[in-house]
Structure formats: structure tokens, C-alpha cells
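Engineer: this is the structure alone, sequence omitted:
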């Protein structure tokens, strides 16, 4: 089937039509299925030509349509999501690794793991919505695109808000609030709410 791709706010996302670490589902695959470590980041001299960026985490979300079937007057769609780290674009600046102290490196790595969690939340939300959605028998493709597009816009907004309130300057209390939100969202999605 067709393949569509979006690049939103520095986040590369791919819809292929044809948890977090402790969660598992036959509909969700996360790679790597563990917290990120610095060796997951490509070491580069500069990120986006700036010495002010220490690290960046870019994820992809691919969806495979497993089945489209009739449900009365509607269509239903079974999706499988693969949420993965984009290894070439997930980067850490060499100057940061050589100059930052251990605590700062740990805080930045923890923050970047938050971006990876946002990708997982969005992928899970899309699968959750599609699982319960009654699609129009002829317009299901446009409806699916709308669900995905809406969630991808939310992904960009979440990434931007997360950075805004937790960095510049680094705000450890706000990071803790986001950490609780990540945990709550992922647990909610795991239990199908």
C-alpha cells in the first residue's frame, strides 16, 4: 500500500500503510525497548550547526495495516505500530560529552528519554483510537489519515511544550511533573483507557 511521511517540528514520523519499556502488546513494538543510553546517540561536532544544543532524540512511528474488515455498516482497521529511535538523527554533541559533569549528562539523557516516551504515547494513542473507531465504508482512508495527522500535530505540540517548560533553564521540578505524566499516560494506554 502507499507510504506517507511527515516531518514535524524536528520529529520525523512515518505512516506506512501496507510500554514504554515494561509494556508489551502484539500491536505495539518499541525499539529499543529500554531506556536510551548515550551509545544510542550518534556523536557529532554540532547539532543543527549550534553549540547551544546538547542532544536531540528523533523517533519514527510506522504503522502497518494488519487488516481492514466490515463491521456492520462500517469498516474496522487493525493497526500495528513500530515506534523506533531514528539512529542517524538522534545525536549528542561531542563538546557536551567532553565538558559536562556526570549529573548534567544524566539530566540531559533523562530529558531525551522523555521525547522517546512522547513518541510512544502518540503511537499508542493512534492504535487505541483506530481500534475503537467505526470507519466510513468508502472514506476510511481519509478518516485514518485525519486520526494520524491530528495525533502527529499533538506530538509536535507536546515535544515543544516539554522542551519549553523543562529546559532553558533546566527545571528539575517540571521534569518530575512530566515524568509522572509520562507514567500515567503510558499506564492508561496500556489498560485501554
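Structural biologist: Nice, thanks for sending it over. Being a predicted model, the structure only gives us computed values, none of them experimental. Residues are numbered from 1 along each chain as shown.

Engineer: can you name the next helix or strand after the longest helix along the chain?
Structural biologist: What stands out as the longest helix in the chain, according to DSSP state H, is helix 102-132. Per DSSP states H and E, helix 102-132 leads on to helix 140-166 as the next helix or strand towards the C-terminus.

Engineer: same for the helix or strand following that next one, what does it pack against?
Structural biologist: Counting by DSSP H and E, the next helix or strand C-terminal to helix 140-166 is helix 172-190. With contacts defined as 3 or more CB pairs under 8 Å, 6 or more residues apart in numbering; DSSP states H and E, the packing partners of helix 172-190 are helix 102-132, helix 140-166. Quick note: C-beta positions are derived from backbone N, CA and C, even for glycine.

Engineer: what residues sit buried inside the shortest one?
Structural biologist: Buried residues in helix 140-166, counting neighbours by 16 or more other CB atoms under 10 Å, are found at 140-141, 143-144, 147-148, 151-152, 155-156, 158-159, 162, 166.

Engineer: now do it against helix 172-190, angle only.
Structural biologist: Between the direction of helix 140-166 and that of helix 172-190, the angle (axes from the mean of the first three to the mean of the last three CA atoms, to 10 degrees) works out to 160 degrees.

Engineer: what do you get for the first one?
Structural biologist: Relative orientation of helix 102-132 and helix 172-190, computed by the same axes, to 10 degrees: 30 degrees.

Engineer: residues contacting the most centrally placed residue in the chain?
Structural biologist: With distances taken as CA atoms, centre = their mean, residue 119 lies nearest the centre of the chain, 0.9 Å away. When the contact criterion is CB atoms under 8 Å, 6 or more residues apart in numbering, the partners of residue 119 are 11, 59, 60, 61, 83, 155.

Engineer: drop anything exposed from the residues you listed.
Structural biologist: Using 16+ other CB under 10 Å as the burial test, those include 11, 59, 60, 61, 83, 155 as buried.

Engineer: low-confidence ranges in this structure?
Structural biologist: Applying pLDDT under 70 to the chain flags the ranges 1-25, 193.

Engineer: make TSV out of the buried residues of helix 140-166 and add distance to residue 130.
Structural biologist: As requested, the buried residues of helix 140-166 are arranged in TSV below (distance: CB to CB, whole Å):
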residue	distance to residue 130
140	10
141	12
143	9
144	7
147	6
148	9
151	10
152	14
155	16
156	20
158	19
159	22
162	25
166	30
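
Engineer: closest one to residue 99 out of the residues you listed, please.
Structural biologist: The shortest approach to residue 99 among the buried residues of helix 140-166 belongs to residue 166, at 20.9 Å (CB to CB).

Engineer: the closest one: what's it in contact with?
Structural biologist: Residues counted as contacts of residue 166 (CB under 8 Å, 6+ apart) are 111, 114, 174, 175, 178.

Engineer: nearest spatial neighbour of the fourth one, chain-adjacent residues omitted?
Structural biologist: With CB to CB, 6 or more residues apart in numbering as the measure, residue 166 is the residue that lies nearest to residue 175, at 4.8 Å, once sequence neighbours are left out.
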